[in-house]
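**Q** what follows is a protein structure lacking sequence information:
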């Protein structure tokens, strides 16, 4: 048997932790093979949550610390809290090659700062990018950057194209990565100078990792014509929050309409299978797990407010990118 994938887990980050974290680990373990969890957090709180029938002792180790980073801590104050917080220790285990990747549902800014303090950037990458999965009509999009960098230059956007394509290939090995730049129009003359210059670079420098498809407008992101969408962090974060808000609005309004009358409730019963399929397509828990690309080790950020199902999915993302050799793919293709 091959050596197990070792995932460092910050058990104290996010809402309802460590309860949801341990539940998420159990769900992931049940549906995965050859995984070992290095769990960092308060042992007194974690121990009662672990049922060894669901998670054998041979598949985890608890590293005890009572200190953790709070959601309201600033990145600077979080870094100053010391090296004995659950987040710092979990990232440190990654730096020391004791873990293959780290997952945290904790403070996003603190995670970025502590990761950058402990880990190296991949050679020739200037800035890290936060990426995530969005559904489209044909499968899944990788979208980046989603907020790590408010301003980006041409090289940053080219790097994001390579890293996003490597991520997509790691997660979906059989699919060809198709890259597009998010823009205000699809014509070559549209956009600011940085976007237009990036277009020229990607159009002229062919790369074996992906096919460049030009520009894409926001209303076409879900069409499925491309699967890697590149933008700066300012635009990407607005697009992300808009998409999340729209999905929540549609789901809420549909539920309200179905419950507004006897006919509506009867219609819901008759269409239960299709409604579940629709709900799953818009369920953010099933796409949970943002990846901080550009560092020489995999760092995965789970949404702080997700539940155990969402956290389990972030662990699955972690497992997939290790098996898909994400970091090696980036290193081999970076310009």
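**A** Yep, it's here. A quick note: this is a predicted structure, and the numbers were derived from the prediction, not measured.
**Q** domains of this protein?
**A** 1-125+294-335, 131-284 (automatic domain parsing).
**Q** now these in a markdown table, with mean neighbour count and mean pLDDT?
**A** The C-beta positions use only the backbone N, C-alpha and C, and glycine is treated the same way. Shown next, in a markdown table, are the domains of the chain (neighbours: other CB atoms under 10 Å; pLDDT from 0 to 100):
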| stretch | mean neighbour count | mean pLDDT |
| --- | --- | --- |
| domain 1-125+294-335 | 19 | 91 |
| domain 131-284 | 17 | 87 |
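**Q** in this structure, which helix has the most residues?
**A** Ranked by residue count, the top helix of the chain under DSSP state H comes out as helix 233-258.
**Q** gap between the residue minimising distance to the centre of the chain and residue 204?
**A** Of all residues in the chain, the one closest to the mean position by CA atoms, centre = their mean is residue 290, 1.3 Å from it. Residue 290 is 31 Å from residue 204, where distance means CB to CB, to the nearest Å.
**Q** how about the helices of the protein, start to end?
**A** Ranges of helices within the chain are 19-30, 43-46, 75-80, 86-95, 108-118, 154-171, 193-204, 233-258, 262-270, 272-282, 308-323, 326-333, based on DSSP H.
**Q** what's the closest of these to residue 131?
**A** For these, the distance to residue 131 is smallest for helix 154-171, at 5.9 Å, taking CB to CB.
**Q** now do the closest one against helix 233-258, angle only.
**A** 50 degrees (axes from the mean of the first three to the mean of the last three CA atoms, to 10 degrees).
**Q** would you confirm that the residue nearest to the centre of the chain contacts residue 299?
**A** No. When contacts are counted by CB atoms under 8 Å, residue 290 is not listed as touching residue 299 (9.4 Å).
**Q** re the thing from before, by contact count, what packs against the longest helix of the chain?
**A** Judged by 3 or more CB pairs under 8 Å, 6 or more residues apart in numbering; DSSP states H and E, helix 233-258 is in contact with strand 129-135, strand 140-144, strand 177-182, helix 262-270, helix 272-282.
**Q** could those go into TSV alongside distance to residue 92?
**A** Formatted as TSV, these follow (distance: least, CB to CB, whole Å):
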stretch	distance to residue 92
strand 129-135	21
strand 140-144	26
strand 177-182	33
helix 262-270	50
helix 272-282	37
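**Q** about what we covered before: so for residue 3, which of the helices of the chain sits nearest?
**A** Of the helices of the chain, nearest to residue 3 by CB to CB is helix 308-323, at 11.1 Å.
**Q** could you check the angle helix 154-171 makes with the closest one?
**A** Using the same axes, to 10 degrees: helix 308-323 against helix 154-171 is 100 degrees.
**Q** now for helix 308-323, which elements pack on it?
**A** Here helix 308-323 touches strand 5-10, helix 19-30, strand 101-104, helix 154-171, strand 299-301, going by 3+ CB pairs under 8 Å, 6+ apart.
**Q** any idea how far that helix is from the chain center?
**A** Relative to its parent chain, helix 308-323 has a centroid offset of 9 Å by CA atoms, centre = their mean, to the nearest Å.
**Q** go on, stretch 261-281?
**A** Distance of stretch 261-281 from the chain centroid (CA atoms, centre = their mean) equals 30 Å.
**Q** now do stretch 46-61
**A** 26 Å.
**Q** same deal with stretch 205-223?
**A** Relative to its chain's centre, stretch 205-223 lies at 20 Å (CA atoms, centre = their mean).
**Q** what are the contacting residues of that stretch?
**A** With contact meaning CB atoms under 8 Å, 6 or more residues apart in numbering, stretch 205-223 is reached by 134-137, 141, 143, 161-162, 165-166, 169, 176-188, 190-191, 195, 199, 202-203, 225-226, 228-229, 239, 242-243, 329, 333, 335.
**Q** gap between the two ends of that stretch?
**A** One end of stretch 205-223 to the other measures 26 Å (CA to CA, to the nearest Å).
**Q** for stretch 52-70, same thing?
**A** End-to-end distance for stretch 52-70: 29 Å, by CA to CA.
**Q** contact partners of that stretch?
**A** By CB under 8 Å, 6+ apart, stretch 52-70 touches 4, 10, 12-13, 22, 25-26, 29-30, 35-43, 46-47, 50, 78, 81-82, 84-87, 89, 93, 106-107, 110.
**Q** go again using 6 Å as the cut-off
**A** Applying CB atoms under 6 Å, 6 or more residues apart in numbering, the external contacts of stretch 52-70 come out as 12, 26, 29, 36-40, 42-43, 46, 78, 84-87, 106-107, 110.
**Q** same check, this time on stretch 294-310
**A** Outside stretch 294-310, the residues that touch it by CB under 6 Å, 6+ apart are 14-15, 20, 23-24, 94, 101-103, 105, 111, 115, 119-122, 125, 128-129, 285, 288-292, 311, 314, 318, 321.
**Q** good, wrapping up.
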